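Engineer: turn this into a structure:
(chains A, B, C and D)
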Protein chains: 4
Amino acid sequence: MTLPAPLSGVVPPVCTPLTPEREVDTASLVRLVDHLVAGGVDGLFVLGSTSEVAYLTDRQRALVLDTVVRHVAGQVPVLAGAIDMTTPRVLDHVRALTKAGADAAVVTAPFYTRTHPAEVMGHFRSVAQGSGAPLIAYDLPSSVHTKLTAGAVLELAADGVLAGLKDSSGDEAGFREVVVGKRALTGPFAALTGSELTADSALAMGADGVVPGLGNVDPAGYARLYRACRAGDWPRARTEQERLCALFGMVRAGDPARMGPSSSALGAFKAALHLRGVITCPATAAPQIPLSPEETKTVAEHLTAAGLL
Amino acid sequence: MTLPAPLSGVVPPVCTPLTPEREVDTASLVRLVDHLVAGGVDGLFVLGSTSEVAYLTDRQRALVLDTVVRHVAGQVPVLAGAIDMTTPRVLDHVRALTKAGADAAVVTAPFYTRTHPAEVMGHFRSVAQGSGAPLIAYDLPSSVHTKLTAGAVLELAADGVLAGLKDSSGDEAGFREVVVGKRALTGPFAALTGSELTADSALAMGADGVVPGLGNVDPAGYARLYRACRAGDWPRARTEQERLCALFGMVRAGDPARMGPSSSALGAFKAALHLRGVITCPATAAPQIPLSPEETKTVAEHLTAAGLL
Amino acid sequence: MTLPAPLSGVVPPVCTPLTPEREVDTASLVRLVDHLVAGGVDGLFVLGSTSEVAYLTDRQRALVLDTVVRHVAGQVPVLAGAIDMTTPRVLDHVRALTKAGADAAVVTAPFYTRTHPAEVMGHFRSVAQGSGAPLIAYDLPSSVHTKLTAGAVLELAADGVLAGLKDSSGDEAGFREVVVGKRALTGPFAALTGSELTADSALAMGADGVVPGLGNVDPAGYARLYRACRAGDWPRARTEQERLCALFGMVRAGDPARMGPSSSALGAFKAALHLRGVITCPATAAPQIPLSPEETKTVAEHLTAAGLL
Amino acid sequence: MTLPAPLSGVVPPVCTPLTPEREVDTASLVRLVDHLVAGGVDGLFVLGSTSEVAYLTDRQRALVLDTVVRHVAGQVPVLAGAIDMTTPRVLDHVRALTKAGADAAVVTAPFYTRTHPAEVMGHFRSVAQGSGAPLIAYDLPSSVHTKLTAGAVLELAADGVLAGLKDSSGDEAGFREVVVGKRALTGPFAALTGSELTADSALAMGADGVVPGLGNVDPAGYARLYRACRAGDWPRARTEQERLCALFGMVRAGDPARMGPSSSALGAFKAALHLRGVITCPATAAPQIPLSPEETKTVAEHLTAAGLL
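Structural biologist: Numbering: from 1, shown residues only, chains lettered A, B, ... in the order given. Below is the predicted model of the structure:
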């Protein structure tokens, strides 16, 4: 299928279920896709940070994408992350995922190496030129240590380099500048927020959609939230958003004295999917540290409080 | 060959010469290896940051390593970087480079993902366990945004996980703690500094060796510096070190208003190798920005002042 | 007067007009206060970052506060910043400003020294205990390099240490946690956002008020925005907010190659107040760099576009 | 007295002994000064970070300086920190301490506010112009979040703005650039390192002196180290330095789960001075957290191991 113009709605970054041996559990992945589509999502984003893309080998990345593309079979668009350090390595991934049937590639600024803003611009331009895929910029300074400015994003959009932005920077003011600025563009451009906690604010500003990691756990909740916002029913949107904010508290289930924020948050999402019967095993990839039984109980309590267990 | 126990001396991180089309220029790479060996280096480190490893595709990485291993043919040990985001991806690289004949793998802390110190420890332990290769930790917080503490390095060394440390953190006090602490180890452990500018200090503290990017340009200078330090001839060492410090000024040739520090520094090293007739083309990989003719002239002036042109 | 419980509405951080010799221009300050009160603000915050508190000597701080307290004469509450590095120094300021008639003290986490979260908690507790003034926490990680977590703020609020929060962290999700969490408090607590650009979002979440630096330039605009939000007229609020967002673009008038963000933003606010005839001289304190005539023209263009000139 | 040209040798930053009520304990301060002078130091630096300057009120700062200047009575030069956020506030302090008899003022880059390099330069120039005191730049990026580049320091030195540098940045390569660059200056300039752990390296590079916080605990050790370096007796210098490195381990006595690095390090220095009988009470200023009895025992063990108890 081709990417809607612009892409909009709820597009969760899809978790990657693993077996106890840390292989991709394709049966669970297929069930997760069904769970998301049944929940009313408008697209899927595989191989993002929430998908543990940084932990998946190239072979595993290909298996994930192939599994999802085949199973979705065009019901909703499939975006795929091409997450690597620099232009030549990203281009390798973009080519592979385009060939495998992804509808768009999601690409960050370079990382590991220290870049100048002009190099970041050149990076996106070269990736777009070297691949035919619609390109969505992924603004994730906590991982790549570069912030994409609104000015840079809008310039790349105006030049036809970018088809959209997934903003996971937490900088709502900067995101707003993109949302307002995109009205002057002649072509379609999808302004998507990655924030689980201010999705209603972003949609009120005029965002096209949301890409919430927590959407794995409660896709129907985000679908309801999206519809309430589109209908201008702000009191209902706020109530739904606040319920999801409370649910999001699960990401702190893991003890910060024992593990990093990624282990805790992705561990919680996977524990919740396991508890809800969607996936077979809650394992996360190495070197992440698993939640303890007690920490998993905390996740269960969040599910219960949100009416999901 | 097997890794000396411990590895010592001058082990430059080898630049990766590229063609104007940004392919690996194997003929230039072979000449560069000869230039380094003739300069008196004690080992070679390929696929490090100075090698633009972050910019090389997996195919290019394999080509670089294979070219160097074959050409060196055991004259000196060849270390190779296995630079990727997390344990499973690093393990893929380590297996590939061990198979290709590298004598040791050089591995950083995880990056892109945010980790806990316990996860960093688990990362090195898992990589060591999953590969037979001697493992050298690469402390490079400017790239990976995690600092390896001396305590962590010494614990991993005591447990047989690490065969050495390449310290490019700029934290001389922390490095000293490793150098002093390693005396209590029962096995061999190579404490190597990545600093071009304080190699004499590090060797005076008791470091085993130096891994200077500038060693591409002047391997004989670092070899003289190393010998002077080993002989306890500190005045001569200081004079040589200060000459190399002045030469290192070339890394600022590139205008910071136009390009990042990587473009400027790696561009300068490659321009110098080109000016000295070692490599055919000074190109750096995308999205790095090339030095201008005037900036290249600055590099030439540094070479002349150092007696190298 | 006593602080409303809780403080709400528009509470701009008041610029400190200076003479060309960098003395406090009390006549201009009085006119600025009149301009703000006439614009419909609900309180004044003097000696905050926008007031150049970091640049004012203790004598100047006292003069500013005294001038404003006398002139306002109880029409609206006056909050005052007690900005210094640690507990003993902050306590000195809090005592002075309470004596001078401020209705509340605004206090950041310690800075310059590196602190543990437990020390930050102890800091606020000690300042509250050592002074009788209502205490408002000022979350400004870009200046103090510590983020106040929602959990910490809510704990201090529950314990009666804090009467409110001024959140200038840009972390809307964290601010939302405070806004939602404060509903469980038994006493009054003012959740105020410092964001000029997402005031409507913050108020939609349930914030009590806004503390916008840009409110110096257009107090009536923020007063209209606040009323529209309170009335639930979100389309009108968004239109007003977007007009203010465009106006805020003036903070980038200064060339970043020549000056820092503080010089540019505070220089623009003062240039705008000068152009609007409110203050006599647009000077900012040393070592800030003044806007050029051309940069000042950019400020004027923003005023014109927003209908303010 | 006037400042030696250039200042050289061991110039410890003097701890500020406090009473249990957190008042300056002048009797202990006088004993500490005697302890340092008897240990062979070449100067004293009061009101620096190790002196808890960030925690002292202006009244306490004045008391400390007055006490030390009177007691030292010209035996050695007394440097004093003028630590505050910006130019006008720093000037107030510099004028006060000059009047009180300090031989030089030690000044950092601005903090709390975000500055451009040009503003940092303007800051030092304005402070020098507005005061007659010899000015020593204090490079402390961990506190002020700005790094003074070697180029900036040397430019200010060449222009007669700076009489010296106290480098506590940990950037030995940058410090070396100053040490080498200062040879081209026509006037005297003191290049002093703040590093406790690489004093021998710095002196080998050509540094004029050292400003070690640990020098409070063992001034005679640093005096021996300095003399060994000046005599070119590097093996003896290294042995002494390594003994001091081991002693410095006391700064980790405090549990990082309970307190920040400042509480732990300054708490350890004061505990050591208390254990050695130099000061009456080991208290540190609020909101620092005191060492536990067990943590104090760790300090004692370090003293015993170093032959100081």
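Engineer: what's near enough to touch A:R95?
Structural biologist: Residues counted as contacts of A:R95 (Cβ atoms under 8 Å, 6 or more residues apart in numbering or on different chains) are A:130-131. In short, each C-beta sits where N, CA and C put it, glycine included.
Engineer: now it: which helix or strand?
Structural biologist: A:R95 belongs to helix A:87-99 when assigned by DSSP states H and E.
Engineer: tell me which parts of chain A are close to chain C?
Structural biologist: Contact residues (Cβ under 8 Å from any Cβ of the partner chain) of chain A with chain C: A:170-173, A:176-177, A:180, A:195-198, A:200-201, A:204-205, A:232, A:234, A:238, A:242, A:245.
Engineer: just the buried members of the residues you listed?
Structural biologist: A:170-173, A:176-177, A:180, A:195-198, A:200-201, A:204-205, A:234, A:238, A:242, A:245 (16 or more other Cβ atoms under 10 Å in any protein chain shown).
Engineer: per-residue pLDDT, the residue in chain A that chain D sits nearest to?
Structural biologist: Chain D sits closest to A:A257 of chain A, with a gap of 7.1 Å, by Cβ to the nearest Cβ. A:A257 carries a pLDDT value of 95.
Engineer: hang on, it packs against D:A257?
Structural biologist: Yes: the criterion here is Cβ atoms under 8 Å, and A:A257 meets it with D:A257 at 7.1 Å.
Engineer: hmm, back to that, from the residues of chain A next to chain C, which land in helices?
Structural biologist: Judged by DSSP state H, the residues of chain A next to chain C include A:172-173, A:176-177, A:180, A:200-201, A:204-205, A:234, A:238, A:242, A:245 as members of helices.
Engineer: quick one: contacts for the spatially closest residue to A:T146 that is not a sequence neighbour?
Structural biologist: Take A:T146 and drop its neighbours on the chain: the residue closest to it by Cβ to Cβ, 6 or more residues apart in numbering or on different chains is A:A109, 4.1 Å away. Taking Cβ under 8 Å, 6+ apart, we find A:A109 in contact with A:115, A:120, A:123, A:139, A:144, A:146, A:148.
Engineer: again, only this time at 7 Å
Structural biologist: Going by Cβ atoms under 7 Å, 6 or more residues apart in numbering or on different chains, A:A109 touches A:115, A:120, A:123, A:144, A:146, A:148.
Engineer: neighbours of the fifth one, how many?
Structural biologist: Residues lying near A:T146 (other Cβ atoms under 10 Å in any protein chain shown) number 20.
Engineer: from chain C, how far off is it?
Structural biologist: Using Cβ to the nearest Cβ, to the nearest Å, we find A:T146 at a distance of 16 Å from chain C.
Engineer: mind listing the helices for the stretch 1-150 of chain A?
Structural biologist: With DSSP state H, counting those that start in this stretch as the criterion, the stretch 1-150 of chain A has helices at A:26-39, A:58-72, A:87-99, A:117-130, A:141-144, A:150-158.
Engineer: adding mean pLDDT and distance to C:H93, write these out as TSV.
Structural biologist: TSV is the format used below for the helices of the stretch 1-150 of chain A (pLDDT from 0 to 100; distance: least, Cβ to Cβ, whole Å):
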stretch	mean pLDDT	distance to C:H93
helix A:26-39	98	53
helix A:58-72	98	56
helix A:87-99	98	51
helix A:117-130	98	39
helix A:141-144	98	34
helix A:150-158	98	37
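Engineer: now render these as JSON lines, adding distance to C:L18.
Structural biologist: Converted to JSON lines, those look like this (distance: least, Cβ to Cβ, whole Å):
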{"stretch": "helix A:26-39", "distance to C:L18": "58"}
{"stretch": "helix A:58-72", "distance to C:L18": "58"}
{"stretch": "helix A:87-99", "distance to C:L18": "49"}
{"stretch": "helix A:117-130", "distance to C:L18": "34"}
{"stretch": "helix A:141-144", "distance to C:L18": "35"}
{"stretch": "helix A:150-158", "distance to C:L18": "31"}
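Engineer: burial count for A:T239?
Structural biologist: Quick note: A:T239 (other Cβ under 10 Å) scores 15 neighbours.
Engineer: what residues does chain A have near chain D?
Structural biologist: Within chain A, no position is adjacent to chain D by Cβ under 7 Å from any Cβ of the partner chain.
Engineer: up against chain B, what does chain A have?
Structural biologist: So far as Cβ under 7 Å from any Cβ goes, chain A lies against chain B at A:54-57, A:85-89, A:92, A:110-116, A:118-119, A:122-123, A:126, A:142-143, A:145, A:258-263, A:285-289.
Engineer: any of those residues buried? List them.
Structural biologist: Among those, the ones that count as buried by 16+ other Cβ under 10 Å are A:54-57, A:85-89, A:92, A:110-116, A:118-119, A:122-123, A:126, A:143, A:145, A:259-263, A:285-289.
Engineer: and the contacts of stretch A:149-160?
Structural biologist: Stretch A:149-160 is contacted by residues A:117, A:120-121, A:124, A:137, A:162, A:165, A:174, A:177-178, A:181-182, A:185, A:187, A:189 when judged by Cβ under 7 Å, 6+ apart.
Engineer: er, stretch A:57-74 I mean
Structural biologist: A:1, A:14, A:16, A:24, A:26, A:29-30, A:33, A:44, A:46-47, A:53, A:56, A:78, A:80, A:96-97, A:100-102, B:88-89, B:92.
Engineer: for PyMOL, write the select line for the buried members of those residues.
Structural biologist: The buried residues among these can be selected in PyMOL (16+ other Cβ under 10 Å) with this line:
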select buried, (chain A and resi 14+16+24+26+29+30+33+44+46+47+53+56+78+80+96+97+100+101+102) or (chain B and resi 88+89+92)
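Engineer: centre of the chain to the helix holding A:R95, how far?
Structural biologist: Its chain's C-alpha centre and that of helix A:87-99 lie 18 Å apart, by Cα atoms, centre = their mean, to the nearest Å.
Engineer: can you check stretch A:243-259 too?
Structural biologist: Per Cα atoms, centre = their mean, the centroid offset for stretch A:243-259 relative to its chain is 18 Å.
Engineer: start and end of that stretch, how far apart?
Structural biologist: Stretch A:243-259 has an end-to-end distance of 26 Å (Cα to Cα, to the nearest Å).
Engineer: name the residues of it that come out as buried.
Structural biologist: A:243-245, A:247-254, A:259.
Engineer: can you redo those as JSON lines with secondary structure?
Structural biologist: Converted to JSON lines, the buried residues of stretch A:243-259 look like this (DSSP: H, G, I helix; E, B strand; the rest coil):
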{"residue": "A:R243", "secondary structure": "helix"}
{"residue": "A:L244", "secondary structure": "helix"}
{"residue": "A:C245", "secondary structure": "helix"}
{"residue": "A:L247", "secondary structure": "helix"}
{"residue": "A:F248", "secondary structure": "helix"}
{"residue": "A:G249", "secondary structure": "helix"}
{"residue": "A:M250", "secondary structure": "helix"}
{"residue": "A:V251", "secondary structure": "helix"}
{"residue": "A:R252", "secondary structure": "helix"}
{"residue": "A:A253", "secondary structure": "coil"}
{"residue": "A:G254", "secondary structure": "coil"}
{"residue": "A:M259", "secondary structure": "coil"}
